[in-house]
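Trainee: Can you look at this prediction? I've put the sequence above it.
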Amino acid sequence: MIVKIAPLGERVVEINVATGTNVAECLRIAGVQLNGRVLTVNDSAATTSTPVQQDGSIIALISKMKGGA
């Protein structure tokens, strides 16, 4: 299945993996570092152990927001 790795502000990488491959393995295959960013899979919160189950899934890496007041 095709999965897109989309680090915010960087180029999107498409990879081909087996159904159920976890996010950590997808990132490794794509050559993308987590670097403390927050993960989502198809707009739902995720961790590196989250399995990717759907063809066309998008793994997004989003920089953590810093609070201000």
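Mentor: Great, that's in hand.

Trainee: residue contacts, residue 58?
Mentor: Residue 58 sits next to 3-4, 6, 41-43 when contact means CB atoms under 8 Å, 6 or more residues apart in numbering. For the C-beta atoms, the positions are set from N, CA and C on the backbone; glycine is no exception.

Trainee: Show me which of those are buried.
Mentor: Applying 16 or more other CB atoms under 10 Å to the contacts of residue 58, the neighbour count classes 3, 6, 41 as buried.

Trainee: Quickly find the element holding the first one.
Mentor: Read it as residue 3. strand 2-7 (DSSP states H and E).

Trainee: Which strands or helices does that strand pack on?
Mentor: Secondary-structure packing of strand 2-7 (3 or more CB pairs under 8 Å, 6 or more residues apart in numbering; DSSP states H and E): strand 13-16, helix 23-30, strand 57-62.

Trainee: circling back: want to try JSON lines for the contacts of residue 58, with distance to residue 22 as columns?
Mentor: Output for the contacts of residue 58, formatted as JSON lines (distance: CB to CB, whole Å):
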{"residue": "3", "distance to residue 22": "11"}
{"residue": "4", "distance to residue 22": "16"}
{"residue": "6", "distance to residue 22": "17"}
{"residue": "41", "distance to residue 22": "10"}
{"residue": "42", "distance to residue 22": "15"}
{"residue": "43", "distance to residue 22": "18"}
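
Trainee: Can you pull up the most central residue in this protein?
Mentor: Using CA atoms, centre = their mean, the residue of the chain that lies closest to the mean C-alpha position is residue 59, 2.8 Å off.

Trainee: Name the nearest of the buried ones among the contacts of residue 58 relative to residue 33.
Mentor: Distance to residue 33 across those (CB to CB) is lowest for residue 6, with 14.0 Å.

Trainee: Neighbours of residue 1, how many?
Mentor: Neighbour count of residue 1, defined by other CB atoms under 10 Å: 15.

Trainee: Leaving out chain neighbours, which residue sits closest to it?
Mentor: residue 55 (3.9 Å; CB to CB, 6 or more residues apart in numbering).
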